[in-house]
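>>> take this sequence and fold it.
(one chain, ligands or ions: 1)
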Amino acid sequence: MSSVLRTRFTEEFGVEHPIVQGGMQWVGRAELVSAVAEAGALGMLTALTQPTPEDLVKEIARCREMTDKPFGVNLTILPTITPPPYAEYRQAIIESGITIVETAGSNPAEQVAAFKPAGIKVLHKCTSVRHARKAQQLGVDAVSIDGFECAGHPGEDDIPGLVLIPRAADELSIPIIASGGIADARGLVAALALGADGVNMGTRFLCTVEAPVHERIKKHLTTASELDTELIFRPLRNTARVASNSVSREVVRRLADGGSFDDVRELVAGARGRTVYEQGDPELGIWSAGMVQGLIDDIPTVGELVHRIVTEADELIRSRLAGLLDAGRA
Ligand SMILES: Cc1cc2nc3c(=O)[nH]c(=O)nc-3n(C[C@H](O)[C@H](O)[C@H](O)COP(=O)(O)O)c2cc1C
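As a prediction, the model looks like this:
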């Protein structure tokens, strides 16, 4: 019998397991997302990985050919010099009949106004209790909250999940997905105990057979430790946690020396980061990875990973935790 954990999130979003694969630039493609869906978790195609809204429509169709199960699309709105045509990406998502969207990067007001009337559920990813409350007020269906541990953008407050998630649980009435630093059943059970209704994982899904990135990057993740990340763009108040390498360390150094964005622009170019995944050399550019890489030491299929997490979570709750109670009563 397969293990089943029912939460408000699984019920309201119609997924089997309370596990989300959050948006990942260059990685959130049909190969990974369909595998996550087939495993009974919720995968997100990453809209901006597709060069145009038309390409996103095709990627959604490609993903549908690979799975009949539900999946979502991540639309991240971050400060950029030349903003992509967000409204057209939104239209592509709506017209493709997607039913779940993960928004991230900024206040979701515009996104909620576009997606909710189309009957789309919005899972907003943010990094603080005040932003989560704002998103709830704006009408999102659930929030995903990234703690300081996370890969990508942890915000500027530096509050780890152990404090952030119960703080959010105390203040919010909508379902909460704990994100950042989660790779296994221990993280899932802990997150549920903290008051979350599920978990979101990035780095762990990056290190699976189906993630469309070079094998050497996955191997690199299995050997990297929790110490091997850098926080870049701190002085610009647009912090991002990325894999530690010669490029990210140089970015930190130049900005700490008083440099501006122009002084690091060529080092942080997205196209350069993309070559890391294509060529398999972790030193080629900036790429996101979280502290949780210290907990990752294999490259399972997505199906094996999700099965392992839910099965071990079941054992952890029934045996280890319940056993602690029994021991106390004896
Ligand atoms: C390679 C990579 C790319 C990411 N790109 C995005 C992105 O484009 N948009 C986004 O909202 N989050 C992005 N994230 C963040 C993840 O969705 C997730 O919030 C984060 O990885 C959780 O922390 P964890 O890596 O400790 O699990 C990315 C993460 C990784 C590892």
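>>> per-residue confidence for Ser2?
pLDDT for Ser2: 66.
>>> show me what residue of the stretch 151-300 of the chain gets nearest to the ligand.
The minimum distance from the stretch 151-300 of the chain to the ligand, using C-beta to the nearest ligand atom, falls at Gly202 (1.9 Å). Quick note: C-beta positions are derived from backbone N, CA and C, even for glycine.
>>> how about that residue, what does it touch?
By C-beta atoms under 8 Å, 6 or more residues apart in numbering, the residues touching Gly202 are Gln21, Gly22, Met24, Cys150, Ala151, Gly152, Ser179, Ser288, Gly290.
>>> again, but for Ser244
Ser244 is in contact with Ala224, Leu227, Asp228, Thr229, Glu230, counting by C-beta under 8 Å, 6+ apart.
>>> now a ChimeraX select for only the buried ones of the residues you listed.
Restricted to buried positions by 16 or more other C-beta atoms under 10 Å, the ChimeraX selection for those reads:
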select :224,228,229,230
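>>> the contacts of Ser244 in helices, which ones?
Among the contacts of Ser244, none falls in helices (DSSP state H).
>>> could you dump the contacts of Ser244 into JSON lines with distance to Ala142 added?
Below are those laid out as JSON lines (distance: C-beta to C-beta, whole Å):
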{"residue": "Ala224", "distance to Ala142": "31"}
{"residue": "Leu227", "distance to Ala142": "32"}
{"residue": "Asp228", "distance to Ala142": "31"}
{"residue": "Thr229", "distance to Ala142": "27"}
{"residue": "Glu230", "distance to Ala142": "30"}
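>>> can you add distance to the ligand and give the contacts of Ser244 back as CSV?
Listed next are the contacts of Ser244 as CSV, based on distance: C-beta to the nearest ligand atom, whole Å:
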residue, distance to the ligand
Ala224, 12
Leu227, 14
Asp228, 13
Thr229, 10
Glu230, 14
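>>> from the ligand, how far out is Pro84?
To the ligand, Pro84 is 12 Å away according to C-beta to the nearest ligand atom, to the nearest Å.
>>> buried sites along stretch 233-252?
For stretch 233-252, the neighbour count (16+ other C-beta under 10 Å) marks 233, 235, 239-245, 247-248, 251-252 as buried.
>>> same thing with stretch 314-330?
Buried residues in stretch 314-330 (16+ other C-beta under 10 Å): Asp314, Leu316, Ile317.
>>> now Val4, what's its secondary structure?
Following DSSP: H, G, I helix; E, B strand; the rest coil, Val4 is assigned to coil.
>>> can you pull the contacts of it?
Glu16, His17, Val310.
>>> nearest to Ala168, of those?
Sorting the contacts of Val4 by how near they are to Ala168, with C-beta to C-beta, puts His17 at the top with 21.1 Å.
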